[in-house]
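I would like the atomic coordinates for the input below:
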Amino acid sequence: MRTIAVFFIILVSTTQLLSQDQIKQGVYSLNGSISYGSTSSNQPGASTDQSSFTFTPSGSYFLVDQIESSLNLTYMANSTSSLTFTSLGLGLGVRYYFPNGQYTPFVGASGALSWATATGQAYSSPLSSYALSAGLDFFLSQSFALEPAIIYSHARISDQFSNSQFRIGIGVKYFILK
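A predicted model of the protein is given here:
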């Protein structure tokens, strides 16, 4: 019994030390996430509900301990009962991590420019949006983490049209340690 207790203490201590090295200044990471969302659009005289699938690969760098900046690419496919459209985007983000051992919570904010198209139409002029996120890095090893997250995004497409969305997603993250 004593051996099991000592082994458990060593395991927990090592895991916490390993996960703290990834959120230090100078660490790079490659990530990708997949999310599903439900959207409510508000237009003059009509409202639309739609579902979306989003794929977001990104790369990031820790500027200082616990603060990460990232460059994101986004592909989103949206569908309603009568229309399907896709969008491509490019964004910048920042996250703050709360060191907590193997499970490390984070909050983040990002902004993006995207271009949308409906089936058979040309891409639109750039649209701007922002997103707020909260999640958890679950460290499976020293260099690899799973990231469940909740994301709220808002896009203002014109003076009369806006789009708000909640998404639930899962990501993977590979840390490139010094």
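
thought residue 175 was touching residue 26?
No - shown here, residue 175 and residue 26 do not form a contact pair, counting by CB atoms under 8 Å, at 11.2 Å. Backbone N, C-alpha and C define where each C-beta goes, glycine included.

which of these two has more neighbours?
Counted by other CB atoms under 10 Å, residue 175 and residue 26 do not tie: residue 175 has more neighbours, with 23 against 12.

residue contacts, the nearest residue to the more buried one once chain neighbours are set aside?
Leaving aside its sequence neighbours, residue 175 sits nearest to residue 22 (CB to CB, 6 or more residues apart in numbering; 4.3 Å). Contacts for residue 22 (CB atoms under 8 Å, 6 or more residues apart in numbering) come out as 29, 137, 139, 142-143, 145, 175, 177.

repeat for residue 86
75-78, 116-117.

Reformat those residues as CSV; add pLDDT and neighbour count.
Shown next, in CSV, are the contacts of residue 86 (pLDDT from 0 to 100; neighbours: other CB atoms under 10 Å):
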residue, pLDDT, neighbour count
75, 93, 14
76, 88, 22
77, 88, 13
78, 81, 22
116, 84, 20
117, 85, 13
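
how about the strands in the chain?
28-43, 46-64, 67-79, 84-97, 103-118, 127-139, 144-156, 162-176 (DSSP state E).

Quickly, which of those bottoms out on average pLDDT?
Of all the strands of the chain, the minimum mean pLDDT falls on strand 28-43 (a mean of 83).

angle of that one against strand 127-139?
130 degrees (axes from the mean of the first three to the mean of the last three CA atoms, to 10 degrees).

Around the closest residue to residue 70 other than its chain neighbours, count how many other residues there are.
Spatial nearest neighbour of residue 70, excluding adjacent residues (CB to CB, 6+ apart): residue 60 at 3.7 Å. The local packing of residue 60 (other CB under 10 Å) involves 20 other residues.
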